[in-house]
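Novice: no letters, just coordinates:
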């Protein structure tokens with residue numbers, strides 16, 4: 001089960017209906033986000049959801065590009081270790097570890113059962129055993145937006 005800091009559990013998350021997109025924020029207030037997955041369809045889906053929810057989202061397709069983006073200080077980061085970038089699981093995890101050390105970083109780890117302990121030790125904002133529904137991902141992005149904007 002996934003439990004957010006706000007007390008929302010995965011049972012609520014994955015059964016939730018889609019919410020309307022928030023008003024488009026000014027670009028300087030957009031939550032910087034990053035999607036790291038080797039699965040092209042998932043990468044595009046997560047990027048579209050984040051952008052649709054008002055994030056400034058980047059979704060690099062290679063480990064080299066991911067390193068460049070990770071150093072730019074993203075706020076919300078989706079890391080899919082089940083489908084790592086370029087098939088390089090260890091390096092994808094290392095990028096996640098570097099990002100997790102940044103102040104105010106919110107790490108969402110998508111993985112298998114073996115990845116949950118590692119994600120929790122990193123202090124992941126959310127651990128997902130798989131990705132779930134678009135409504136669930138939208139809820140995660142909305143919660144991260146509220147935290148980023150100081151509305152919590």
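Specialist: In hand now; what should we look at? Being a predicted model, the structure only gives us computed values, none of them experimental.
Novice: from now on I want contacts and neighbour counts done on CA atoms only, so please keep to that.
Specialist: Fine.
Novice: any idea where the strands of this protein begin and end?
Specialist: According to DSSP state E, the chain carries its strands in the segments 32-36, 56-58, 76-80, 106-110, 126-128.
Novice: now render those as CSV, adding distance to residue 45.
Specialist: Compiled in CSV, the strands of the chain are given as follows (distance: least, CA to CA, whole Å):
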stretch, distance to residue 45
strand 32-36, 10
strand 56-58, 12
strand 76-80, 12
strand 106-110, 14
strand 126-128, 16
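Novice: mind putting these in TSV, mean neighbour count included?
Specialist: Below are the strands of the chain laid out as TSV (neighbours: other CA atoms under 10 Å):
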stretch	mean neighbour count
strand 32-36	27
strand 56-58	21
strand 76-80	26
strand 106-110	25
strand 126-128	23
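Novice: which stretch among the ones you listed comes nearest residue 135?
Specialist: Closest approach to residue 135 among the strands of the chain is made by strand 126-128 (13.7 Å; CA to CA).
Novice: so what strands line up beside the closest one?
Specialist: Paired neighbours of strand 126-128 in the sheet (DSSP bridges): strand 106-110 (parallel).
Novice: isn't residue 51 up against residue 58?
Specialist: No: Residue 51 is beyond contact range of residue 58, at 9.2 Å (criterion: CA atoms under 8 Å).
Novice: please point out which parts of the longest helix along the chain sit buried.
Specialist: Counting by DSSP state H, the longest helix found in the chain is helix 134-148. For helix 134-148, burial by neighbour count (16 or more other CA atoms under 10 Å) applies to 134-145, 148.
Novice: who wins for proximity to residue 117 among the strands of the chain?
Specialist: Among the strands of the chain, strand 126-128 sits nearest to residue 117 (CA to CA), with 9.4 Å.
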